[in-house]
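**Student:** Here is a sequence with its predicted model. Questions after.
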Amino acid sequence: MLMNTDTVSAAVTAPHPVWLSLTWTVPFTMLWTLLIYALPVLPESGFPALGVRLMAYGLIALGLWLGLENTELTPRQRRATWLVVMIAFTLWAAVAWTAAINGAFRTGAFPLPLLPAAMLLPVIVGGPLLLWSKRVGQLLDAMPPTWLIALQLYRIFGSQWLAYWLQGALPGLWALPAGTGDVLTGLFAVPAAIALATGTIEGRKGAILWNIFGLADFAVAIALGMIMSPGPFQLIVPDGPSMAVDTFPNVLTPAFVVPSSILLHALSLRQLLRRNRATAV
């Protein structure tokens with residue numbers, strides 16, 4: 001089944017140049033950045049964030065179900081696995097969204113800031129469960145490795161941080177590396193997936209490097225955000241605009257999008273490494 005899935009995926013994508021996707025993702029990203037810059041009320045309304053989250057949620061739910069159908073699990077086990085994952089994911093999204101709307105992540109709302117916990121706890125708790133679960137391993141073996149990579153195309157919407165910097169609403173010391181890293185990760189998600197689908201060693205190495213770059217982007221953004229934001233961890237006071245990502249809807253990015261994306265990277269790396277071992281054997 002693994003060979004058949006990879007073969008079909010390669011046959012579909014290999015004829016197209018790897019970089020062809022950039023001919024539409026780059027203009028779209030530039031247009032989105034210009035829209036946010038010209039109409040700051042657009043992202044502040046929360047509708048773009050809601051649309052992107054619902055799209056990603058639907059793709060995750062569909063991809064999970066299709067992947068489970070290719071496993072050797074019984075229909076009952078497939079349904080149970082799908083429900084466990086999607087119920088947990090839905091509750092997590094609902095709690096993060098509710099907390100953001102009610103201002104729970106605002107600086108000073110609690111003696112200890114909740115935003116760092118919202119970013120790190122899901123990774124600390126969910127990471128080991130996803131990386132060590134035997135059933136998740138079966139799912140990853142049955143799922144085309146391109147899915148988890150192409151899904152993170154949504155990272156191009158991180159260009160909003162660059163637009164906010166251009167407006168003078170965010171310090172460049174944080175917005176430039178965080179926004180640029182997000183945009184590059186999103187732009188190269190589809191080319192990395194296409195290269196991986198060809199089945200070459202170079203394509204697989206490129207996919208691994210893409211995951212590492214995406215994780216490094218988060219490491220830089222989280223570290224800079226913590227030491228620049230008002231609170232007990234602040235070490236740098238920006239000369240100019242202060243950090244302003246602790247209110248709805250912008251706070252949903254660090255509170256929910258960042259940890260969920262980190263887990264997607266971890267799953268993708270686990271899948272690629274499992275494929276490497278299987279190929280070696």
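**Tutor:** Thanks, I have it.

**Student:** for whichever strand or helix holds residue 56, packing partners?
**Tutor:** Element membership for residue 56 (DSSP states H and E) is helix 47-69. Using 3 or more C-beta pairs under 8 Å, 6 or more residues apart in numbering; DSSP states H and E as the contact test, the elements touching helix 47-69 are helix 75-101, helix 134-142. Yep, even glycine has a C-beta here, placed from its N, CA and C like the rest.

**Student:** secondary structure class for the residue nearest to residue 270 when sequence neighbours are not counted?
**Tutor:** Spatial nearest neighbour of residue 270, excluding adjacent residues (C-beta to C-beta, 6 or more residues apart in numbering): residue 131 at 5.6 Å. At residue 131 the chain is in helix, as set by DSSP: H, G, I helix; E, B strand; the rest coil.

**Student:** Residue 131 contacts residue 263, doesn't it?
**Tutor:** No - look at residue 131 against residue 263 with C-beta atoms under 8 Å: they stay out of range, at 9.3 Å.

**Student:** of these two, who's got more company?
**Tutor:** Neighbours were counted for residue 131 and for residue 263 using other C-beta atoms under 10 Å; residue 263 has more, 18 against 14.

**Student:** if we can go back for a sec, the residue nearest to residue 270 and residue 218: what is the separation?
**Tutor:** Distance of residue 131 to residue 218, given as C-beta to C-beta, to the nearest Å: 17 Å.

**Student:** what do you get for residue 249?
**Tutor:** For residue 249, the distance to residue 218 equals 19 Å [C-beta to C-beta].

**Student:** Who has more neighbours out of those two?
**Tutor:** Taking neighbours as other C-beta under 10 Å, residue 249 and residue 218 compare with residue 218 leading, 22 against 18.

**Student:** Assess the claim that the more buried one and residue 263 are in contact.
**Tutor:** No - the pair residue 218 / residue 263 is not scored as a contact, 11.1 Å apart, by C-beta under 8 Å.

**Student:** give me the element the residue lying closest to residue 228 once chain neighbours are set aside is part of.
**Tutor:** Leaving aside its chain neighbours, residue 228 sits nearest to residue 236 (4.9 Å; criterion: C-beta to C-beta, 6+ apart). For residue 236, there is no host helix or strand (DSSP H and E).

**Student:** residues contacting residue 236?
**Tutor:** 173, 227, 228 (C-beta atoms under 8 Å, 6 or more residues apart in numbering).

**Student:** Residue 18 too?
**Tutor:** Here residue 18 is in contact with 191, 194, 195 (criterion: C-beta under 8 Å, 6+ apart).

**Student:** Columns distance to residue 89 on top of those residues, output as CSV?
**Tutor:** Formatted as CSV, the contacts of residue 18 follow (distance: C-beta to C-beta, whole Å):
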residue, distance to residue 89
191, 27
194, 27
195, 28
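
**Student:** Run through the helices of the chain in chain order.
**Tutor:** In the chain, helices defined by DSSP state H lie at 2-13, 22-38, 41-44, 47-69, 75-101, 115-132, 134-142, 146-150, 160-167, 172-187, 189-197, 201-228, 252, 258-280, listed in chain order.

**Student:** List the buried residues of the third one.
**Tutor:** What that stands for is helix 41-44. Within helix 41-44, the residues that qualify as buried are 42, 43, counting by 16 or more other C-beta atoms under 10 Å.

**Student:** Then stretch 235-248?
**Tutor:** Applying 16+ other C-beta under 10 Å to stretch 235-248 flags 241, 243, 245, 246, 248 as buried.

**Student:** how about it as PDB, C-alpha atoms only?
**Tutor:** The C-alpha coordinates for stretch 235-248 follow below in PDB (Å, rounded to 0.1, in the frame of the first residue of the first chain):
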ATOM      1  CA  LEU A 235      14.600  41.500  28.300                       C
ATOM      2  CA  ILE A 236      14.200  43.900  25.400                       C
ATOM      3  CA  VAL A 237      12.000  47.000  25.400                       C
ATOM      4  CA  PRO A 238      11.400  47.900  21.700                       C
ATOM      5  CA  ASP A 239      12.400  51.400  20.600                       C
ATOM      6  CA  GLY A 240       9.100  52.300  18.900                       C
ATOM      7  CA  PRO A 241       5.900  50.200  18.700                       C
ATOM      8  CA  SER A 242       5.500  47.600  21.400                       C
ATOM      9  CA  MET A 243       4.400  44.000  20.900                       C
ATOM     10  CA  ALA A 244       0.700  43.800  20.300                       C
ATOM     11  CA  VAL A 245      -0.200  40.200  19.600                       C
ATOM     12  CA  ASP A 246      -2.000  39.400  22.900                       C
ATOM     13  CA  THR A 247      -5.500  40.400  21.700                       C
ATOM     14  CA  PHE A 248      -8.100  38.700  19.500                       C
END
